[in-house]
Structures are given as C-alpha cells and as structure tokens.
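[1] sharing a model that was predicted from the sequence below.
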Amino acid sequence: MSFSAKSLDFIFENYMNDSKAWFNDHKEDYKKYVTEPFAEVVNGLTETMVEIDSSLICDPKKLSRLYRDARYAKGKSIFRDYVWYTFSRPRDESGAQLGFYFSISPNGFDYGCGFYSASSAAMENYRRLILEGDKSFKAALEAYRAQNVFTLYGDLYKRNRYPEESPEKQDWLNRKNIGLSCESKDFDMLFSDKLIGKLAADFNVITPVYHFYLEADKSKS
C-alpha cells in the first residue's frame, strides 16, 4: 500500500502525544500506515539499489525506530517526528555508513545519498580525489551539474581552506561531512504509486556521486 495522509497524521499524533502507552494502543495504525508502505518502497527499490551497489542492505526490517535511544533522549521527546530508511553498506569499525536514504515527516519527504559519520581518512581521500581531478570526481561533478533535484549538504568550515580552487570545487572541498539531498513537499507524489519510480530514477541519476564517495571510502587505507 502507498503512503497516505494517515501516515503523516500518525507520525505527528504519536510525536505530540509522546507516550509509549499511546503508541502501544496504536501499533496497528503504525504497521498499516508507516511500516507497510515503507516495506513496499524498500522492496520496490531493491532491484535498483542492488544494481547500483550489490553490497547495499535492502531489508524493510531495518527501518528506523520512531523512539529515541534513551541514552541520548535526555531533554528531548521520546519519539521522533520522522521515519527513515537507509540503503547502506554495513557500518565499518568506526561507525561510518555510506548509502542512500529516504525519509518522511509531517512536512513532506526527503531523500539522497552520502556518508553518516564519515571517517577522517575517508574525508581526506575525498578531498584528495577532488584536488587530483580523479575520474570518479569528474563523473560525479558531471552528474551533479546535469540534474536539478539534489543539492549538496554538509556543514561548512568557517574558514575557506581552498581559496585557490574554483568556487565550484570549494563548495565540495570545504565541507565537514558530505552528501546530496532533496527535500520535497510534493504530497501528491508521496501518496502516489509513482513514488518508487521517481526515487529509482533520481537515485540512478546521482549514482556517479555515490560511486565517488565509495571510491573515497575504499581508498582510505
């Protein structure tokens, strides 16, 4: 089944109630309106994701939890107001994770690709490949220029570390973390049976960027 307004209503109401008792009383709604549509998306995208990288995990059971880890929830709501799935390689020993993601919230949906907690070694190689004009970066840059869906994300250093490089390269080089993201409020698309096709097509477009990130991660040793 597809996502619907009820999917977002559940996430919002659960977040506002912020109660495990309320959540337990509405578990069937959670299953019907959130986990089942997510499973449909994950299963529908599996063939595409495996073609991009056969090491990506495509398992609906790996859906994010709505509730926060109690160790990090002090002063925060028990429950989150968003749910996501990450098509990723297994975490490495440092906890870094590389992959694609799709997330929904009452505000809409977002998706993209990048690193979670990229290691310093991977980031050093990421910048080295850019500065050396590696073919993987050239392919990534060409793919990025050719689309208008995704934008670069990642916190920027306060000081420009590469003033001698072009503004375009500076935008890639001066980031503490890296990725591409698209934020959308197209609820008609989110609630449509065209969503999986849209995500598959857009993920394919930025595959060269993912492969560039993968090259940086593989070269870190």
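    Done, it's in.
[2] what pairs with the residue nearest to Leu66 when sequence neighbours are not counted across the strands?
    Leaving aside its chain neighbours, Leu66 sits nearest to Phe79 (5.2 Å; criterion: C-beta to C-beta, 6 or more residues apart in numbering). Using the backbone N, CA and C atoms, a C-beta is placed for each residue, glycine as well. Beta-bridge partners of Phe79, counted by DSSP bridges, are Tyr67.
[3] quick one, what contacts Phe79?
    Shown in contact with Phe79 (C-beta atoms under 8 Å, 6 or more residues apart in numbering): Asn14, Tyr15, Asp18, Phe23, Leu66, Tyr67, Arg68.
[4] ok, now how distant is the second one from Leu66?
    Read that as Tyr15. 8 Å (C-beta to C-beta, to the nearest Å).
[5] what do the two both touch?
    Residues touching both Tyr15 and Leu66 (C-beta under 8 Å, 6+ apart) are Phe79, Arg80.
[6] quick one: low-confidence parts of the protein?
    1, 69-76, 92-96, 219-221 (pLDDT under 70).
[7] strands of that one, start to end?
    Along the chain, counting by DSSP state E, strands occupy 83-88, 97-105, 108-116, 151-153, 179-184.
[8] so can I have TSV of those showing mean neighbour count and distance to Asp9?
    Output for those, formatted as TSV (neighbours: other C-beta atoms under 10 Å; distance: least, C-beta to C-beta, whole Å):
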stretch	mean neighbour count	distance to Asp9
strand 83-88	21	13
strand 97-105	21	12
strand 108-116	20	14
strand 151-153	15	28
strand 179-184	18	18
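[9] list the buried residues for the longest helix seen in the chain?
    If you go by DSSP state H, the chain has its longest helix at helix 36-52. Within helix 36-52, the residues scored as buried using 16 or more other C-beta atoms under 10 Å are Pro37, Phe38, Ala39, Glu40, Val41, Val42, Leu45, Thr48, Met49, Ile52.
[10] could you do stretch 141-156 as well?
    Leu141, Ala143, Tyr144, Phe150, Leu152, Tyr153, Gly154.
[11] how distant is that stretch from the center of its chain?
    Here stretch 141-156 is found 14 Å from its chain centre; the criterion is C-alpha atoms, centre = their mean, to the nearest Å.
[12] among the buried residues of stretch 141-156, which pair sits farthest apart?
    Ala143 and Gly154 (17.4 Å; C-beta to C-beta).
[13] this structure: helices as residue ranges?
    Using DSSP H, helices in the chain cover 5-17, 20-25, 27-30, 36-52, 120-131, 135-145, 167-173, 187-190, 195-205, 207-218.
[14] the residue of the chain positioned farthest from its centre and Gln170, how far apart?
    Farthest-out residue of the chain from its mean C-alpha position, per C-alpha atoms, centre = their mean: Glu164, at 31.3 Å. Distance of Glu164 to Gln170, computed by C-beta to C-beta: 9 Å.
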